[in-house]
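# how would this look folded up:
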Amino acid sequence: MRINYPRSERDGVMRFVPSGRQFLALIGMGFGVLLLVFLVLYALVKVPTPNEFSTAQATVVTYADGKTEIARVADANRTSIPLSDVPLVVQREVLAAEDRDFYEHGGFSASGIARAAWNNIIGGSTQGGSTITQQYAKNAYLTQDRTLTRKAKELVLSIKLSQTRSKERILEDYLNTIYFGRGAYGIEAASQAYFKIPASKLTGTQGAVLASLIRSPAGYAPETNKDRLRGRWNYVLDAMVAKEWITEKSRARQKFPKIAKRGSGNRLEGDNRFLVDMARRELSALGFSEEEVARGGYRITTTFDQKAMNAARTAVEDKGPQTGVKGLRIGIAAVQPGTGAVLAIYGGDDYLTDQFNNATQGIV
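Presented below is the predicted three-dimensional model:
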């Protein structure tokens, strides 16, 4: 059969306009190709277990030479527990915060995938899948690239997960791998990090705090954004009422719980942590999340010069006052003329004892 294209019965540019039948055939071929690609991906994409991708890969922070390390950022910890060890009210609070219809839908949001793909195409803000299944899939493919290929893999994995695993298993794996901040992956580590108790002992008010942190561990960190965290906490509890998982009377009795102070949990003693903290803040301003930095395996080259840093420390030790220093704060910043690159800063003696950066936060 000969295909009549360009169309002989038409003149000019109209010869190249496909007929209705040809147009439908093109659409059919397009769907066929998409279906073939989906089937190939479905067969190739492996459903991961939590242990296969939850271990943090160190992010290395270096001086300006790109070789000398300042620190390795890999302070993650995780302990897997069965879903039965997580109180039902806490499970529901996570669902209220992240995916209220988790037990009703098929595992993925088509609109969320389309929105994320469109933002990638136009260069807008990056947005992940909105359902818990999609978030779990996103964690499995947490890499430095933010491409349509990865989005396609996430979608296929979301569908495969919903077809091969029970909702309970997906929720269990999700709770054991999601990042809560403070280097804690999974709800057991998070419970210990924020409340110093096992997850099985969490109360509803404490569980609502952890559920609130999932959306943005850094954005709702109690150390720096307690008011935002409290607002999100109220949102989660109001959602619990809307889903009829708690009563209005019970909601009215809820009081914001006391959160444990953050432990040091790392080896970045002295003033090096100020350098790492500044690098993290810069990355955050560029759109990188705390979780990506903690797990992404990046190599971050800063503008800090090791010789300049040593000179700043020596200047404080040799020239700093030795008496009458109560309440005195010393900060140093060395900036390269012309480029504005920060070559050295001295924010304080020890970040672990005082996180206030005298060089960048002090007011003269």
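# Leaving out sequence neighbours, find the closest residue to Gln336.
Leu343 (5.5 Å; C-beta to C-beta, 6 or more residues apart in numbering). The C-beta positions use only the backbone N, C-alpha and C, and glycine is treated the same way.
# burial count for that neighbour?
21 (other C-beta atoms under 10 Å).
# now it: how far from Tyr63?
Going from Leu343 to Tyr63 by C-beta to C-beta, to the nearest Å gives 10 Å.
# before we move on, the earlier item: give me the contact list for the helix or strand in which the residue nearest to Gln336 is found.
Using DSSP states H and E, Leu343 sits within strand 342-346. Strand 342-346 is contacted by residues 64, 271, 274-275, 278, 303-305, 308-309, 311-313, 315-316, 330-336, 357-360 when judged by C-beta atoms under 8 Å, 6 or more residues apart in numbering.
# how about Tyr179, phi and psi?
phi -90, psi 130 (degrees, to the nearest 10).
# what about it, distance to Ala190?
Distance from Tyr179 to Ala190, by C-beta to C-beta: 9 Å.
# what's the answer for Lys258, then?
Taken as C-beta to C-beta, the span from Lys258 to Ala190 is 16 Å.
# the more surrounded of the two?
Counted by other C-beta under 10 Å, Lys258 and Ala190 do not tie: Ala190 has more neighbours, with 27 against 9.
# Now do the contacts for that one.
180-182, 184, 199, 210, 213 are the contacts of Ala190 under C-beta under 8 Å, 6+ apart.
# rewinding a little: make a PyMOL selection of the buried ones in the contacts of strand 342-346.
Selecting only the buried entries of these in PyMOL, with 16 or more other C-beta atoms under 10 Å as the criterion:
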select buried, resi 64+271+274+275+278+303+304+305+308+309+311+312+313+316+330+331+332+333+334+357+358+359
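# Out of the contacts of strand 342-346, which sit inside strands?
In strands, judged by DSSP state E, the following of these are found: 332-335.
# what's the distance between the residue nearest to Gly270 when sequence neighbours are not counted and Asp271?
The shortest distance from Gly270 to any non-neighbouring residue, by C-beta to C-beta, 6+ apart, is to Asp350 (5.9 Å). Distance, Asp350 to Asp271, by C-beta to C-beta: 7 Å.
# mind checking the backbone torsions on Thr301?
Taking degrees, to the nearest 10 as the convention, Thr301 sits at phi -100, psi 120.
# Please, where are all the strands along the stretch 151-300 of the chain?
Secondary structure of the stretch 151-300 of the chain (DSSP state E, counting those that start in this stretch): strands at 299-301.
# and the closest residue to Thr302 other than its chain neighbours, what pLDDT?
Spatially, and ignoring its direct neighbours in sequence, Thr302 is nearest to Ala279 (5.4 Å; C-beta to C-beta, 6+ apart). What the model reports for Ala279 is a pLDDT of 90.
# repeat for Ser111
Looking at Ser111, the pLDDT reads 57.
# cool, and Arg295?
Reading off the model, Arg295 has pLDDT 63.
# can you pull the contacts of Gly347?
Gly347 touches 271, 274, 331, 356-360, counting by C-beta under 8 Å, 6+ apart.
# Include pLDDT and distance to Ala252 when you put the residues you listed into CSV, please.
What follows is these, written out as CSV (pLDDT from 0 to 100; distance: C-beta to C-beta, whole Å):
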residue, pLDDT, distance to Ala252
Asp271, 80, 47
Phe274, 87, 44
Gly331, 88, 47
Phe356, 84, 38
Asn357, 85, 41
Asn358, 84, 44
Ala359, 84, 46
Thr360, 85, 43
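# The stretch 101-250 of the chain: helices as residue ranges?
110-122, 132-140, 148-164, 167-177, 187-195, 204-213, 226-242, 248-253 (DSSP state H, counting those that start in this stretch).
# Can you say which of these is nearest to Gly32?
Nearest to Gly32, of all the helices of the stretch 101-250 of the chain, is helix 148-164, at 16.8 Å by C-beta to C-beta.
# Can you give me the buried ones in the closest one?
For helix 148-164, by 16+ other C-beta under 10 Å, it's 150-162.
# which one of those residues is nearest Met240?
Ser162 (24.6 Å).
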